[in-house]
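**Student:** Sequence first, then the predicted structure, then my questions.
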Amino acid sequence: MIFEEIAIGIAMMLLVMLVHLMATYILIDFSDAYDQILKHHPRLRLLLALIVANVLLLTAHLIEVGIWAVVYAAKGLVTHHTDAYYSAFVNYTALGYGDSLQQTATRLIGPMTAGSGIMMFGWTTALLFLVIQQHLPEVRRPRRPRAPRPQAHGEAAQEATGGDSSPSVRS
């Protein structure tokens, strides 16, 4: 029975990974498509990129939880099929069981779900950093040139000779 659970867990992790990979491809295609959008407003473009990335990646996570929920319902891990999505979500986010308990015969499915969620959340974090890194150089404001500082007579002599200027003697 333990090998069946591990096999199911590995298969589901691979399927979840494929969903996340598709979301990654869509995100990359989208980021290439709107390079010219808001070209003169890089901060708004970064905001748009982050909104799209967050919505897309959240949608991927919701689909991935749904994949795990199918396993929970099919294996009878929940009393009511309507609780399968909730139980899968609790495990996927690594929150723990809380109010839902699993049978001893299928208790490896929960940790496999949590491992899958942890890996996908890490992947999501990396993608969000990528979006920020792609836009950050354009967002940073160029430094303002400083006005030249008026120099005293002694400073001009020091800069010209590279050494200390001799004190001025007035008679």
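**Tutor:** Done, it's in.
**Student:** residues near the closest residue to residue 134 other than its chain neighbours, how many?
**Tutor:** Spatial nearest neighbour of residue 134, excluding adjacent residues (Cβ to Cβ, 6 or more residues apart in numbering): residue 31 at 6.6 Å. Where you see a C-beta, it was placed from the backbone N, CA and C, and this is true even at glycine. Neighbour count of residue 31, defined by other Cβ atoms under 10 Å: 17.
**Student:** Per-residue confidence, residue 31, what does it come out as?
**Tutor:** As predicted, residue 31 sits at a pLDDT of 75.
**Student:** residues of the strand or helix carrying it that come out buried?
**Tutor:** Here residue 31 sits within helix 2-33, counting by DSSP states H and E. Residues 5, 8-9, 12-13, 15-16, 19-20, 23-24, 26-27, 31 are the ones in helix 2-33 that count as buried (16 or more other Cβ atoms under 10 Å).
**Student:** Packing partners of it?
**Tutor:** Helices and strands touching helix 2-33, by 3 or more Cβ pairs under 8 Å, 6 or more residues apart in numbering; DSSP states H and E, are helix 42-74, helix 109-139.
**Student:** Let me know the pLDDT of the residue nearest the centre of the chain.
**Tutor:** The residue lying closest to the centre of the chain (Cα atoms, centre = their mean) is residue 125, at 2.2 Å. Looking at residue 125, its pLDDT reads 96.
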